[in-house]
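[1] Just the structure for this:
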Amino acid sequence: MQMMTMMQMSFYWGKQVTILFSEWKTTTVGNYIGSLIALFIVAFLNQYLDRLTSSSSPLLLRSQRSVGADGSGGVPLESKLGSKNLGTNEGNDLSTMLQQRRPCVVTFLITALFFVRVSVSYLLMLAVMSFNGGVFLAVMLGFALGFFVFRTDIYRRKESSTPIQLSAVLHC
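    Residues are numbered from 1 along each chain as shown. Okay, the predicted model is just below:
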C-alpha cells in the first residue's frame with residue numbers, strides 16, 4: 001500500500017519547498033532564491049496584465065481615439081467615402097461594419113489577456129498555497145510593486161479628464 005504524504009497546512013520557513021508541480025522542488029538555497037525571483041517577476045507582470053484589461057487600459061484608450069467617444073467611428077464615413085448620402089441600407093451596414101471592426105479586435109484581445117491574467121493569478125494562488133513564507137512574501141511583494149508601478153497613476157489622474165465610454169469601445 002502506497003503512503004500518501006500530507007500537505008503542509010501552516011506557514012513555514014525553509015529552502016525545501018514544492019511549488020505548483022512535483023517536478024518544481026527546491027533543495028538548495030540557489031534554487032529557492034531563483035524560484036522566489038521567478039514568482040516575484042510573474043506577480044509583478046500580472047499587475048501589468050491587470051492594467052491592460054482594466055477600464056483604464058491603454059488598449060481601450062487607443063481604441064477610444066480611433067472609434068470616437070460616441071462610437072461614431074471618429075471621422076464620418078461620408079467624408080471617408082466622398083459621399084454625403086449613401087442612400088441604401090447596404091451603406092449603413094458598411095458603416096456599421098467599419099465602425100465595429102476595430103473594437104471587436106480590441107475586445108477579443110482584452111478577453112485573451114484577461115484569460116491569461118486570471119490563469120496566472122490562480123497559478124500564483126496555488127504557489128502561495130505551498131505555505132512557504134518566502135513564496136508568500138515573493139508573490140505579495142511582486143503584486144504590491146506591480147500595483148505601485150502600473151496602477152497608481154490611475155488614482156493621480158485629474159477628475160476633469162474625460163471618462164472612457166466602454167459601451168462605445170467594447171461592442172461587437
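
[2] Break down the chain into its strands, ranges please.
    With DSSP state E as the criterion, the chain has strands at 17-18, 25-26.

[3] Packed most tightly, which of those strands would that be?
    strand 17-18 (a mean of 20; mean count of other CB atoms under 10 Å). Every residue, glycine included, has its C-beta placed from N, CA and C.

[4] That strand: partners in the sheet, and parallel or antiparallel?
    Strand pairing for strand 17-18, using DSSP bridges, gives strand 25-26 (antiparallel).

[5] on that earlier part again, turn the strands of the chain into TSV, columns for mean pLDDT and distance to Ala144.
    Below are these laid out as TSV (pLDDT from 0 to 100; distance: least, CB to CB, whole Å):
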stretch	mean pLDDT	distance to Ala144
strand 17-18	94	21
strand 25-26	96	23
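
[6] Could you dump those strands into TSV and include distance to Asp153?
    Shown next, in TSV, are these (distance: least, CB to CB, whole Å):
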stretch	distance to Asp153
strand 17-18	35
strand 25-26	36
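
[7] out of those, which comes closest to Gly134?
    strand 17-18 (7.6 Å; CB to CB).

[8] Quick one: residues in contact with that closest one.
    The contact list for strand 17-18 (CB atoms under 8 Å, 6 or more residues apart in numbering) reads 24-26, 32, 35, 130, 132, 134-135.

[9] Pull out the buried members of those residues.
    Among these, the ones that count as buried by 16 or more other CB atoms under 10 Å are 26, 32, 35, 130, 132, 134-135.

[10] Near Phe131, how many other residues are there?
    Phe131 is flanked by 14 other residues according to other CB atoms under 10 Å.

[11] quick one, what contacts the nearest residue to it once chain neighbours are set aside?
    In space, and not counting its chain neighbours, Phe131 is closest to Gln8: 4.6 Å by CB to CB, 6 or more residues apart in numbering. Taking CB under 8 Å, 6+ apart, we find Gln8 in contact with 130-132.

[12] try it again with 10 Å
    14, 17-18, 129-132 (CB atoms under 10 Å, 6 or more residues apart in numbering).

[13] Quick check: the farthest pair among those?
    Maximum pairwise distance in the contacts of Gln8, criterion CB to CB, is 16.0 Å, between Gly14 and Met129.
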